[in-house]
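Undergrad: Give me coordinates for this.
(one chain, ligands or ions: 1)
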Amino acid sequence: MNSKIAGTGYYVPKNIVTNSDLMQYMDTTDEWIQERTGIQERRYAKKHEETTTTMACEAAKKAIADAGIDKEDIDFIVFATLSPDYYFPGCGVLLQRELGITNTGIGAIDIRNQCSGFIYAVSVADKFIKTGTYKNVLVVGAEMHSMGLDFSTRGRGVSVIFGDGAGAVVMQSEEDETKGVLTTHLHSDGSFAEELALISPGCHGGYHDEDSEKYGFVPEDIPGEILVTQAMLDNHLFYPYMNGQLVFKNAIIRFKEVIMEALQATQLEKNDIDMLIPHQANLRISQYIQKTMGLSDDKVFNNIHKYGNTTAASIPIALAEACEQGKIKKGDLVCLAAFGSGFTWGSTLIRW
Ligand code: UT7
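TA: Residues are numbered from 1 along each chain as shown. Now for the predicted structure:
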């Protein structure tokens, strides 16, 4: 038994935010953002009305319709996000409720692997299907970054990159082993954990940081008070941090490495790839991979100019758009690959 992607769907909020729009909040320019990232605009969800879960629900409904099944046929949910509605419970159960299928009692799991989240999620679904446990798994990547970015000049190196949106696929069992998900490869290196991270709130209590005083913890004899402190707010520690250049340098190495690993595992060649969908981290990263892999323009799909970096949502949004535009045909070899916070990275090859 193999697994295949039977349906795709995506949702992006209506609100378009251009690079020029960001100039009213921070010292930046359209030229800087386009030159360094290729991003022209991104979408921001409507506060108080849209959440990571509601966007995921819209994408999921489309994927379910595209797969030609009913929502009640879904027998497991895998939800990848770094920007969940709640600290806990995860978005998986919220999506089950939003879809109106709590009566099914199906399992729902959240994946916390940031930019690689969707690849990890596909891999989890693939294994459940291959072992015969589930038949129709809903796999979602969704993010609402706009809720918690630093829109001052202090945060410009991070905030201009990220956007909101959701993508979903329905994965199903496939009897023909030459079709569907041929291979998945997952990796991590936790020595870089803080190089792209949102450290607080958390239970770390300064354990991983030599400069733990900035978190402002109360004395040891008073219980609690480490998850959230006033000092965290005062020191702006609730915003994501990224060592951009280090991430960039590692990304271009790992992307190629993990794509080659997938090709070697299936005894396929670079030229066999019909469509590469890299995580939309930065157009310069995608272009670098394309060049070093020797792939022509029609074999690499990018949409970062429209949506920015939507982390776990970027691959499923791009995949659904590529399908919508007729860029993926039956029999094509599709490669998905990602690198990001953790560091984590991964790839999968799918015979469409
Ligand atoms: O999806 C998760 C994985 N993430 C990634 O893959 C992102 C990888 N990294 C990158 O894409 C790039 O490192 C960035 C696009 C984030 C940054 O580009 P960079 O070329 O590495 O710029 P930098 O951070 O080295 O900053 C260069 C200069 C600095 O000014 P000084 O110190 O040279 O005077 C920054 O303060 O650009 C400045 N800068 C900005 N200027 C205008 C940083 N952000 C901005 C901005 N607008 N938004």
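
Undergrad: surely Ala265 meets Thr184?
TA: No. Between Ala265 and Thr184 there is no contact under C-beta atoms under 8 Å: 9.3 Å. Every residue, glycine included, has its C-beta placed from N, CA and C.

Undergrad: And those two? Which one has more around it.
TA: More crowded of Ala265 and Thr184, by other C-beta atoms under 10 Å: Thr184, with 22 against 14.

Undergrad: going on from the one helix or strand that one maps to, what's the next piece of helix or strand?
TA: Assigning secondary structure by DSSP states H and E places Thr184 in strand 180-188. Next along the chain after strand 180-188, taking DSSP H and E as the criterion, comes strand 196-197.

Undergrad: can you pull the contacts of Lys299?
TA: By C-beta atoms under 8 Å, 6 or more residues apart in numbering, the contact list for Lys299 reads Ile273, Asp274, Met275, Leu276, Gln290.

Undergrad: neighbours around the nearest residue to the first one once chain neighbours are set aside, how many?
TA: In this structure, Ile273 finds its nearest non-sequential neighbour in Cys335, 5.0 Å apart by C-beta to C-beta, 6 or more residues apart in numbering. Other residues near Cys335 come to 26 when the count uses other C-beta under 10 Å.

Undergrad: Do any residues in the helix or strand that contains Cys335 lie close to the ligand?
TA: Element membership of Cys335 [criterion: DSSP H and E] is strand 333-340. Yes. Residues of strand 333-340 contacting the ligand under C-beta under 6 Å from any ligand atom: Gly340.

Undergrad: Just give me how far that strand sits from the chain centre.
TA: Put simply, strand 333-340 sits 11 Å off its chain's centre (C-alpha atoms, centre = their mean, to the nearest Å).

Undergrad: And the following helix or strand past that strand, what does it pack against?
TA: Remark: after strand 333-340, the chain's next helix or strand is strand 344-351, criterion DSSP H and E. If contacts are counted by 3 or more C-beta pairs under 8 Å, 6 or more residues apart in numbering; DSSP states H and E, strand 344-351 sits against helix 117-130, strand 180-188, helix 244-265, strand 333-340.

Undergrad: Go again with 10 Å.
TA: Applying 3 or more C-beta pairs under 10 Å, 6 or more residues apart in numbering; DSSP states H and E, we find strand 344-351 packed against strand 2-11, helix 117-130, strand 180-188, helix 244-265, strand 275-278, strand 333-340.

Undergrad: Looking from the ligand, tell me which residue of the stretch 1-150 of the chain is nearest.
TA: Thr28 (3.3 Å; C-beta to the nearest ligand atom).

Undergrad: excluding its backbone neighbours, what's nearest that residue?
TA: Leaving aside its sequence neighbours, Thr28 sits nearest to Arg156 (C-beta to C-beta, 6+ apart; 5.1 Å).

Undergrad: hang on, the one you found in a strand?
TA: No. Arg156: not assigned to a strand; according to DSSP: H, G, I helix; E, B strand; the rest coil it is helix.

Undergrad: For burial, what's the neighbour tally of the residue nearest to Ala108 when sequence neighbours are not counted?
TA: With sequence-adjacent residues excluded and distances taken as C-beta to C-beta, 6+ apart, Ala108 is closest to Gly92, at 3.1 Å. Gly92 has 24 neighbours, counted by other C-beta under 10 Å.

Undergrad: Would you work out how far apart the start and end of stretch 150-158 are?
TA: 8 Å (C-alpha to C-alpha, to the nearest Å).
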